[in-house]
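Chemist: after the sequence you'll find the predicted model.
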Amino acid sequence: MDHDALPPAKVELSDDDWRSRLTPEEFAVLRRAGTERPGVGEYVDTHTEGVYNCRACGAELFRSTEKFDSHCGWPSFFDPAASDAVILRPDESLGMRRVEVLCASCHSHLGHVFTGEGYPTPTDQRYCINSICLTLVPAAE
């Protein structure tokens, strides 16, 4: 992952430190911009109220109030929890033009954001995020 064009990370660890904190699958997606298979993630069909944090560093990223069913195979959100929670950058890997979503705190790969797909959301955006990148903290009842 090229971090040259990004603002400084608040959480900076070596690859060895990240490997000790994350499972091999988490490391492959979060730190090497991999993708989990569609439809297998633990939060694809979750409707629990709460906050979705970065699995790598714990930063708040998304809220359940912005989650919607896009039926794309990954959890979808129409907006991050805060405008500075994520970083967006162009991604032309795999021969496609996309916009990558990174955690602003640790620069971990989360997924991609898509615009103009016709989803009935307030922002006309779909943040397509890998479940393995998230930890859901349920709202207090």
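Modeler: On my side now, so go ahead. Numbers count the residues shown, from 1 in each chain.

Chemist: quick one: low-confidence ranges for this protein?
Modeler: Low-confidence segments of the chain, defined by pLDDT under 70: 1-5, 141.

Chemist: assign the residue nearest to the spatial centre of it to helix, strand or coil.
Modeler: Nearest residue to the geometric centre of the chain (CA atoms, centre = their mean): residue 110, 2.8 Å. Under DSSP: H, G, I helix; E, B strand; the rest coil, residue 110 falls in the strand class.

Chemist: my guess is it contacts residue 91. True?
Modeler: No: assessed by CB atoms under 8 Å, residue 110 is found out of contact with residue 91, at 11.8 Å. For every residue, glycine as well, the C-beta is placed using N, CA and C.

Chemist: residue 27 should be in a helix, yeah?
Modeler: Yes: assigned with three-state DSSP, residue 27 falls within a helix.

Chemist: show me where this protein has strands.
Modeler: According to DSSP state E, the chain carries its strands in the segments 50-54, 60-63, 67-68, 76-77, 86-91, 98-103, 109-115, 125-129, 134-138.

Chemist: could I get those as TSV with distance to residue 42?
Modeler: Listed next are these as TSV, based on distance: least, CB to CB, whole Å:
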stretch	distance to residue 42
strand 50-54	11
strand 60-63	14
strand 67-68	13
strand 76-77	15
strand 86-91	20
strand 98-103	18
strand 109-115	15
strand 125-129	12
strand 134-138	8
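
Chemist: deepest of the ones you listed, which one?
Modeler: Comparing the strands of the chain by mean neighbour count (mean count of other CB atoms under 10 Å), strand 76-77 comes out on top with a mean of 26.

Chemist: now for that one, which elements pack on it?
Modeler: strand 67-68, strand 125-129 (3 or more CB pairs under 8 Å, 6 or more residues apart in numbering; DSSP states H and E).
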